[in-house]
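Participant: Would you be able to build a 3D model of this:
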Amino acid sequence: MKMNWLMLLPLVLTAGFFGIAGVQLMNNQAGLQQGVDTQALPSTREGRIAPPLELTQLGETDLLSRSDLEGNGLVIVNFFASWCPPCRAEHPTLTALAEAGNPLFGVNYRDQTNQALSFLEELGNPYARIGQDLEARNGRDWGVVAMPETFFVNNDGLVVFHFRGPITSRVLENQVIPSLLEEGYVLIPPLPAAEG
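Facilitator: Alright, predicted model coming up:
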């Protein structure tokens, strides 16, 4: 019986595809083990002036405004929501950053007021100022696509670093701190020993 080599072509192509996918998966896993986000989307805000903030007050908290972002050194602006499990995961690290003296501001994103207040009551409120973005207008202006997202803004109101996803201690050590150092910025010590 004579064999047609063209019949093997689909098998060879499929094996090649899975071989390439396997190599990419191993590379991604190696990066993830080091705490590096291997699928990060590029930021539309990094290197640009932070947009305005038109927020509503969340309960009796101090309302965040755009003017709070300038003249305070390096500040952290964290978009979060009570319905977001990764926001809960990053909360200890954000609290530790705030307790170390890093100015931390919060934007509660598309959340119900009572649920947002319950979230902060349960976990603690590490934010110096906070506001609600009920209709996601501010989030759109800032380029927010998923929760949580955190922006590091310098003294002049320029976004020097933007991180999508939860900032755990591992992410802080392996991605945030090195990225900020590359830009010439340092978070206030002591560095947090948060879980994650």
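Participant: Tell me if I am right that residue 162 is in a helix.
Facilitator: No. Under DSSP: H, G, I helix; E, B strand; the rest coil, residue 162 sits outside any helix and is assigned strand.
Participant: What is the neighbour count of it?
Facilitator: Per other CB atoms under 10 Å, the neighbour tally for residue 162 reads 24. Heads up, the C-betas are built off the backbone N, CA and C, glycines and all.
Participant: contacting residues for it?
Facilitator: 43, 45-46, 143, 149-152 (CB atoms under 8 Å, 6 or more residues apart in numbering).
Participant: Could you say which helix or strand holds residue 159?
Facilitator: Using DSSP states H and E, the element containing residue 159 is strand 159-164.
Participant: Check residue 105 too.
Facilitator: Assessed by DSSP H and E, residue 105 sits inside strand 104-109.
Participant: Packing partners of that strand?
Facilitator: Counting contacts by 3 or more CB pairs under 8 Å, 6 or more residues apart in numbering; DSSP states H and E, strand 104-109 packs against strand 75-80, helix 85-99, strand 129-133, helix 137-142.
Participant: Most tightly packed of these?
Facilitator: Highest mean neighbour count of the helices and strands packed on strand 104-109: strand 75-80, a mean of 24 (counted as mean count of other CB atoms under 10 Å).
Participant: will you turn the contacts of residue 162 into CSV that also has pLDDT, neighbour count and secondary structure?
Facilitator: Converted to CSV, those look like this (pLDDT from 0 to 100; neighbours: other CB atoms under 10 Å; DSSP: H, G, I helix; E, B strand; the rest coil):
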residue, pLDDT, neighbour count, secondary structure
43, 69, 18, coil
45, 77, 20, coil
46, 88, 17, coil
143, 93, 19, coil
149, 96, 25, strand
150, 97, 22, strand
151, 97, 24, strand
152, 97, 22, strand
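Participant: Alpha carbons of the strand holding residue 105, as PDB, please.
Facilitator: Taking C-alpha atoms only, strand 104-109 is exported to PDB below (Å, rounded to 0.1, in the frame of the first residue of the first chain):
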ATOM      1  CA  LEU A 104      -2.600  56.300  49.000                       C
ATOM      2  CA  PHE A 105      -5.800  57.400  47.300                       C
ATOM      3  CA  GLY A 106      -8.800  55.300  46.300                       C
ATOM      4  CA  VAL A 107     -11.300  55.400  43.500                       C
ATOM      5  CA  ASN A 108     -14.300  53.100  44.200                       C
ATOM      6  CA  TYR A 109     -15.300  51.900  40.700                       C
END
